[in-house]
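> The amino acid sequence is not available; the structure is as follows:
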Ligand code: RTP
Ligand code: MG
């Protein structure tokens with residue numbers, strides 16, 4: 001297994017529910033380290049750019065509206081197999097389909113307000129990390 005980095009976002013619904021700490025605790029218990037973090041209220045342009053791969057999808061406008069509806073917590077997680085490890089912690093996109101004990105099963109309310117984002121591959125992780133963080137803002141641990 002390789003040490004990887006992945007980009008995680010605690011979405012506006014979970015920030016509003018005041019569960020940043022509970023979600024960080026899940027990362028830490030799974031062996032993922034927070035190596036960079038910032039709170040941001042995304043602009044429309046930032047959210048559209050981040051989710052550009054979905055720009056032709058019917059849900060794109062709703063996704064951008066939701067992601068700009070309040071502050072988000074953005075972090076880089078580092079650890080063994082971090083991309084997949086984080087996706088396992090998150091659970092399925094639709095919280096109704098998310099396995100018990102996953103972040104989305106416990107904190108998400110709908111397919112839009114689904115608590116967290118996580119990169120889906122190492123290549124997208126590298127792109128998404130660079131979207132939000134300069135190399136000097138990431139601390140090797
Ligand atoms: P994310 O990118 O946020 O981590 O979520 P994901 O990989 O599990 O899902 P993805 O297919 O990348 O979709 C991005 C976000 O768009 C919303 N979505 N809505 N109404 C729909 O059918 C639908 N499909 C996706 C979700 O909020 C999803 O997290
Ligand atoms: Mg995705």
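Perfect, thanks for sending it. Computed from a predicted structure; not experimentally measured. Ligands and ions are numbered 1, 2, ... in the order given.
> Quick one: residues contacting the nearest residue to residue 87 once chain neighbours are set aside.
Distances taken as Cβ to Cβ, 6 or more residues apart in numbering put residue 118 closest to residue 87, at 5.4 Å, once the chain neighbours are dropped. Where C-beta positions appear, they are placed from N, C-alpha and C, glycine not excepted. The contact partners of residue 118, taken as Cβ atoms under 8 Å, 6 or more residues apart in numbering, are 6-9, 83, 86-87, 89-90.
> How about stretch 38-45 and ligand 1, any contact?
No. Shown here: stretch 38-45 not in contact with ligand 1 (Cβ under 6 Å from any ligand atom), separated by at least 12.6 Å.
> so how far does that stretch reach from one end to the other?
18 Å (Cα to Cα, to the nearest Å).
> Would you mark the buried spots in it?
For stretch 38-45, burial by neighbour count (16 or more other Cβ atoms under 10 Å) applies to residue 42.
> what does this protein put close to ligand 1?
Counting by Cβ under 6 Å from any ligand atom, the residues of the chain near ligand 1 are 54, 59, 63, 93, 111-112, 114, 117-118, 120.
> From those, which land in helices?
residue 63 (DSSP state H).
> check contacts around residue 32.
Residue 32 neighbours (Cβ under 8 Å, 6+ apart): 77-79, 82, 85-86, 89.
> In JSON lines, list these along with secondary structure and neighbour count.
Shown next, in JSON lines, are the contacts of residue 32 (DSSP: H, G, I helix; E, B strand; the rest coil; neighbours: other Cβ atoms under 10 Å):
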{"residue": "77", "secondary structure": "strand", "neighbour count": "29"}
{"residue": "78", "secondary structure": "strand", "neighbour count": "20"}
{"residue": "79", "secondary structure": "strand", "neighbour count": "21"}
{"residue": "82", "secondary structure": "helix", "neighbour count": "29"}
{"residue": "85", "secondary structure": "helix", "neighbour count": "20"}
{"residue": "86", "secondary structure": "helix", "neighbour count": "26"}
{"residue": "89", "secondary structure": "helix", "neighbour count": "21"}
